[in-house]
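Participant: this one's structure only:
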Ligand SMILES: Cc1cc2nc3c(=O)[nH]c(=O)nc-3n(C[C@H](O)[C@H](O)[C@H](O)COP(=O)(O)OP(=O)(O)OC[C@H]3O[C@@H](n4cnc5c(N)ncnc54)[C@H](O)[C@@H]3O)c2cc1C
């Protein structure tokens, strides 16, 4: 069953949810209270759950090409 989904907030979470839902065949619209999305911060830190999501979306390989590993 295909649903009409409204995602409120076009941050990392909202856009990831929108992409995952669209890939499942749902009709997705994304809205945000700001007119323009601008970068914040210096980098994107992706931890283990984030890597799982990237793998599920088929982006892990592309992402890893421009990523640097961080060791604790
Ligand atoms: C100053 C700063 C620096 C940071 N630096 C880094 C960094 O270097 N590396 C890193 O990995 N992480 C960094 N972070 C953390 C990172 O920004 C967050 O972890 C991440 O953005 C969370 O994503 P999110 O989608 O949950 O929320 P958000 O990115 O906050 O997205 C939420 C979106 O919802 C929208 N919204 C909120 N309320 C409404 C509403 N009522 N109606 C419509 N739209 C709404 C907002 O405008 C926003 O676009 C930083 C955070 C800050 C504040």
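Facilitator: Yep, that arrived. From a predicted model like this one, the values you see are computed outputs, not experimental measurements.
Participant: What parts of this protein come near the ligand?
Facilitator: With C-beta under 6 Å from any ligand atom as the criterion, the chain meets the ligand at residues 8-14, 31-34, 40-45. Heads up, the C-betas are built off the backbone N, CA and C, glycines and all.
Participant: I'd like the mean pLDDT over stretch 55-72, please.
Facilitator: What stretch 55-72 shows for mean pLDDT is 86.
Participant: quick one: buried residues of that stretch?
Facilitator: For stretch 55-72, the buried set under the neighbour-count rule, 16 or more other C-beta atoms under 10 Å, comprises residue 60.
Participant: Okay, now the unreliable bits of the chain?
Facilitator: Low-confidence segments of the chain (pLDDT under 70): 72.
Participant: which residues of it fall in strands?
Facilitator: With DSSP state E, the ranges of strands along the chain come out as 4-8, 27-31.
Participant: among those strands, which is nearest residue 52?
Facilitator: Across these, the minimum distance to residue 52, taken as C-beta to C-beta, is reached by strand 4-8, at 20.1 Å.
Participant: List the buried residues for that closest one?
Facilitator: Within strand 4-8, the residues scored as buried using 16+ other C-beta under 10 Å are residue 7.
Participant: So what touches that strand?
Facilitator: Contacts of strand 4-8 from elsewhere in the structure, counted by C-beta atoms under 8 Å, 6 or more residues apart in numbering, are 14-15, 17-18, 21, 26-32.
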